[in-house]
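Trainee: My questions are about this predicted structure, shown below with the sequence.
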Amino acid sequence: MKRRLDSSPARLPAVVPPASPTDDALLAAYKQNWLHIRHVESQRMLSLNAFVAILVAVIYALSRPEGAFFAPYAIAVLIFFSVVNLISAIKIEAVIQDYVARNTLIATALHITNVAGSRVRRGFSGAIRLGWVFPVFYAAITFVLAVYVAAWAIRLLAYMLR
């Protein structure tokens, strides 16, 4: 008969603290974190470029005489993309902040904070988190488009009730 593993607390080994990473491992993690931040920044710029291209295409289509027919659909597409990009921008900013915090801890552990500063503490850039410009932009676009759709719906309803 096979013996079953006993997982009672008395039989479990004492918790062994994890081995402390070497300086080389910390430096490698530091570099990888910055590479990931760059990758995420590239994603953010790519989504912004795609959104602006869609926005320009919709504005151009709406400026044409036959564009009035497509207005509600075009605005719906813009609202959809602005909401998706808003959620994406919030997530991206959270990831960037997380990785910068990790690198700050690693820089402190390696005693390189004086040469590898990751946060500006003084001046305009220190007072305002410029990374939140993207979520604010998408939130503003979403709000303006929603107000436009609401005004359009009210006009349509008033026209139908005449």
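Mentor: Nice, thanks for sending it over. All values reported here derive from a predicted model rather than from experimental measurement.

Trainee: Every contact and neighbour count from this point should use C-alpha atoms.
Mentor: Will do.

Trainee: tell me which helix or strand of the protein sits lowest on mean pLDDT?
Mentor: helix 123-127 (a mean of 63; mean pLDDT, DSSP states H and E).

Trainee: Which positions in whichever strand or helix holds A74 come out as buried?
Mentor: Using DSSP states H and E, A74 maps to helix 71-110. Neighbour-count burial for helix 71-110 flags 71, 74-75, 78-79, 81-83, 85-86, 88-90, 92-93, 96, 99-100, 103-104, 106-107 (criterion: 16 or more other CA atoms under 10 Å).

Trainee: center of the protein - which residue?
Mentor: Nearest residue to the geometric centre of the chain (CA atoms, centre = their mean): I92, 2.2 Å.

Trainee: mind checking pLDDT for that one?
Mentor: Per-residue confidence (pLDDT) for I92: 93.

Trainee: I'd say it and S42 touch.
Mentor: No - under the criterion of CA atoms under 8 Å, I92 is not in contact with S42, lying 10.4 Å apart.

Trainee: Give the other helices and strands that the helix holding A74 contacts.
Mentor: Under the contact criterion of 3 or more CA pairs under 8 Å, 6 or more residues apart in numbering; DSSP states H and E, helix 71-110 touches helix 23-63, helix 133-161.

Trainee: mind checking which of these is nearest I112?
Mentor: With CA to CA as the criterion, I112 lies closest to helix 23-63 of those, at 10.3 Å.

Trainee: Distance-wise, check V144 relative to I79.
Mentor: Distance, V144 to I79, by CA to CA, to the nearest Å: 9 Å.

Trainee: meant to ask about I92, not that
Mentor: From I92 to I79 the distance is 20 Å (CA to CA).

Trainee: One more: V100?
Mentor: Using CA to CA, V100 is found at 31 Å from I79.

Trainee: Check L48 too.
Mentor: 14 Å.

Trainee: residues contacting A76?
Mentor: Shown in contact with A76 (CA atoms under 8 Å, 6 or more residues apart in numbering): no residues.

Trainee: 10 Å - rerun?
Mentor: Neighbour list for A76: F70, S82, L145, A146, V149 [criterion: CA atoms under 10 Å, 6 or more residues apart in numbering].

Trainee: How about D98?
Mentor: D98 neighbours (CA under 10 Å, 6+ apart): N33, I37, I92, T104.

Trainee: For the second one, give me its contacts.
Mentor: For I37, the set of contacting residues under the criterion of CA under 10 Å, 6+ apart consists of K31, Q43, I92, E93, V95, I96, Q97, D98, Y99, V100.
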